[in-house]
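*Asks:* the amino acid sequence is not available; the structure is as follows:
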């Protein structure tokens with residue numbers, strides 16, 4: 001059974017509240033999933049979509065795939081015991097932050113437009129004389145429901161961001177994610193691709209800035225924790 005972390009430093013002041021210890025093997029598996037799945041879907045959309053509509057969607061999928069590789073690099077640096085430093089101790093947390101914000105968020109943003117493109121692609125669904133098109137209507141929004149469990153994950157305290165910013169700031173960031181994803185999808189359906197690209201660019205720039213802040217904050221918190229944490233009790237021989 002793991003021991004609880006100390007909460008008060010040697011100077012009598014509270015220690016930083018670090019995220020809980022996470023299993024690097026689980027995140028390594030997620031890296032593989034997020035590497036192959038968006039990449040495959042991007043290739044499928046390139047094969048079956050219409051260029052003006054799928055451009056930004058493919059870019060989002062490729063970003064999700066590429067960010068998973070970077071997240072895997074962070075996860076791979078995790079180490080404990082002799083030789084470990086403040087950077088290596090936050091490897092999994094940093095990798096989790098990259099995966100959450102630069103892999104999962106672009107993937108969720110791309111999925112609704114991706115489904116619309118695949119469902120309406122003239123290359124996938126060749127029209128024959130007398131064929132009647134069946135409109136999907138509101139059912140096209142079903143893939144977009146993935147945003148709801150993601151929001152719960154973030155706002156209920158499961159996400160890494162929860163430990164890096166205050167609760168109000170966490171809500172603001174995640175509501176901004178939701179608003180930009182919804183706005184970009186609406187712009188895509190209205191064929192206003194300039195607005196879609198602007199909203200998606202704001203989303204990704206915001207996620208990049210948040211990840212940069214988060215990784216540096218995690219390292220600073222671990223440095224502070226290591227410098228002020230009480231010495232570990234030696235085990236009895």
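*Replies:* Okay, I see it. Please read these numbers as outputs of a predicted model, since none were measured by experiment. Numbering: from 1, shown residues only.
*Asks:* CA atoms for contacts and neighbours, from now on please.
*Replies:* OK.
*Asks:* all helices for this protein, in order.
*Replies:* For the chain, the helices defined by DSSP state H occupy 24-48, 51-76, 86-89, 91-98, 105-120, 147-155, 167-189, 193-228.
*Asks:* now for the shortest one, which elements pack on it?
*Replies:* Which is helix 86-89. The helices and strands touching helix 86-89, judged by 3 or more Cα pairs under 8 Å, 6 or more residues apart in numbering; DSSP states H and E, are helix 193-228.
*Asks:* so which of the helices of the chain comes closest to residue 12?
*Replies:* Comparison of the helices of the chain against residue 12 by Cα to Cα identifies helix 193-228 as nearest, at 9.1 Å.
*Asks:* helices or strands up against that closest one?
*Replies:* helix 51-76, helix 86-89, helix 91-98, helix 167-189.
*Asks:* return the most buried member of the ones you listed.
*Replies:* Comparing these by mean neighbour count (mean count of other Cα atoms under 10 Å), helix 91-98 ranks first with a mean of 28.
*Asks:* residue 62 is in contact with residue 103, correct?
*Replies:* No: when contacts are counted by Cα atoms under 8 Å, residue 103 is not listed as touching residue 62 (9.2 Å).
*Asks:* thinking again about what came up before, among the helices of the chain, which comes closest to residue 8?
*Replies:* Residue 8 sits nearest to helix 193-228 of all the helices of the chain, at 8.3 Å, using Cα to Cα.
*Asks:* give the rounded mean pLDDT of that closest one.
*Replies:* For helix 193-228, the mean per-residue pLDDT is 92.
*Asks:* re earlier: for the helices and strands packed on helix 193-228, give me TSV that also has distance to residue 143.
*Replies:* Shown next, in TSV, are the helices and strands packed on helix 193-228 (distance: least, Cα to Cα, whole Å):
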stretch	distance to residue 143
helix 51-76	14
helix 86-89	36
helix 91-98	23
helix 167-189	12
